[in-house]
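Engineer: need the 3D shape of this:
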Amino acid sequence: MKKLFVAPLFYLTILATAVWLLLALTGCSSAEPTPVVVAPVVENTAVAPESAPAATTAPAAANVMPQRGAAGSSTTFASVAPTMADLAYADLSSTQKLDLYIPTSGDGPFPVVFMVHGGGFMFGDKADGAGLTGVDQLLEAGYAVASINYRLSGEAIYPAQIYDAKTAVRFLRANAAQYNLDPEKFGAWGASAGGNIVSLLGTTCGVAELEGAELGYADQSSCVQAVVDWFGPIDFLQMDAQFAGTDCPATHDAADSPESKLVGAAIQTVTEFVATTNPMNYITADDAPFFIQNGTADCNIPPVQNSNLADALASIIGADKVTYISLDGAGHGGAQFETAENLGLVIAFLDTYLK
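Structural biologist: Have a look, this model is predicted:
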């Protein structure tokens, strides 16, 4: 009996050793694992709370903020290919790239509009706009367009996103002559999560802790001269309270909400850190003019978020520099934002400050 037990164990040992050697030779051994590239987020440690670690897994589908309302389907982001695609504005992450569209008529140098996509800080891409349209209209009006990608919350928590946006601005300002751009006439347009990012661009010029200067072009300004905010989240800490008594879900305080994933912890547990995501906390008299729109039926972002931002801006930079429009019946994006008439209003605002 003993021999019958030992012999199979002996052969099993030999077989196991052979399998291990085969795996090692084919590169599958645990001694040499396939490398997984994860961009470091060292820059976040200066302001992120200890309880807010960077996310390392793909975001769950729960609480994702869709970028289109039920009122209408998305139109094409751009009918033309970028003049230059995937320009790297930094080298910390493969995400840090932009697509540059240059008008085919006119001599330049051209004013520039940075387009910042939405997607709950969790998804979206520079090629689809995620909640934005208007590239064709901007090109026709004589604007260059820089559609940027930025690190999403699954890769790096805040302030990585505003660091990236500011670095993209500094990159194009440093290279304005090469691309026939006017470095004194930069605007920014964002929807939903992108609306928060462009609003921070408009109010935090020169705020050192939000610059991300170590990413490059520190000698250049990250200021923009005009901002278009489409239904961006502004004051994360008040969102659920502002939805109280409505039919809209109050889920923003949850640990798996887009806002909580952005900062790496349930927002109400790190309120001081979350305050740095609020553009209203940085407004000064020399900030960029703003054009702000939301829908009255938005159940993703409380409409009062944008009206409060408009009021706060008007009281400091002047009411003449702030345009606020609430689209009756519109949701979180959709057809009412994308009409020729509404896009014309956006272009007219940009013309006022960038031409």
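Engineer: hang on, isn't residue 137 packed against residue 345?
Structural biologist: No. Counting by C-beta atoms under 8 Å, residue 137 sits too far from residue 345 to count as a contact (11.0 Å). C-beta: built from backbone N, CA, C; applies to glycine.
Engineer: show me where this protein has strands.
Structural biologist: Using DSSP state E, the strands of the chain run over 84-88, 97-101, 110-116, 144-148, 181-191, 226-230, 290-295, 322-327.
Engineer: mean confidence (pLDDT) on the fifth one, please.
Structural biologist: To tie it back to what came earlier, the one meant is strand 181-191. Per-residue pLDDT values over strand 181-191 give a mean of 98.
Engineer: partners of it, with directions?
Structural biologist: strand 110-116 (parallel), strand 226-230 (parallel) (DSSP bridges).
Engineer: nearest residue to the middle of the chain?
Structural biologist: Centroid check for the chain by C-alpha atoms, centre = their mean gives residue 194 as the closest residue, at 4.6 Å.
Engineer: residues contacting the nearest residue to that one once chain neighbours are set aside?
Structural biologist: By the measure of C-beta to C-beta, 6 or more residues apart in numbering, the closest residue to residue 194 outside its immediate chain neighbours is residue 116, 3.6 Å from it. Applying C-beta atoms under 8 Å, 6 or more residues apart in numbering, we find residue 116 in contact with 148, 150, 165, 188, 189, 190, 191, 194, 197, 198.
Engineer: just those residues now: which is nearest residue 211?
Structural biologist: Distances from residue 211 to the contacts of residue 116, taken as C-beta to C-beta, are shortest for residue 165 (10.6 Å).
Engineer: distance of that closest one relative to residue 271?
Structural biologist: Residue 165 sits 24 Å away from residue 271, going by C-beta to C-beta, to the nearest Å.
Engineer: kindly report the same for residue 133.
Structural biologist: For residue 133 relative to residue 271 (C-beta to C-beta), the value is 35 Å.
Engineer: next one: residue 222
Structural biologist: In terms of C-beta to C-beta, residue 222 sits 26 Å off from residue 271.
Engineer: helices along the stretch 201-350 of the chain, start to end?
Structural biologist: 239-243, 258-263, 271-274, 303-317, 340-354 (DSSP state H, counting those that start in this stretch).
Engineer: figure out which of those helices is closest to residue 205.
Structural biologist: Closest approach to residue 205 among these is made by helix 303-317 (12.4 Å; C-beta to C-beta).
Engineer: where's that closest one relative to the chain centroid, distance-wise?
Structural biologist: Centroid separation for helix 303-317 versus its chain: 21 Å, with C-alpha atoms, centre = their mean, to the nearest Å.
Engineer: and the chain, what are its domains?
Structural biologist: 1-35, 46-354 (automatic domain parsing).
Engineer: where among those domains is average confidence lowest?
Structural biologist: For the domains of the chain, where the average pLDDT is lowest is domain 1-35, sitting at a mean of 35.
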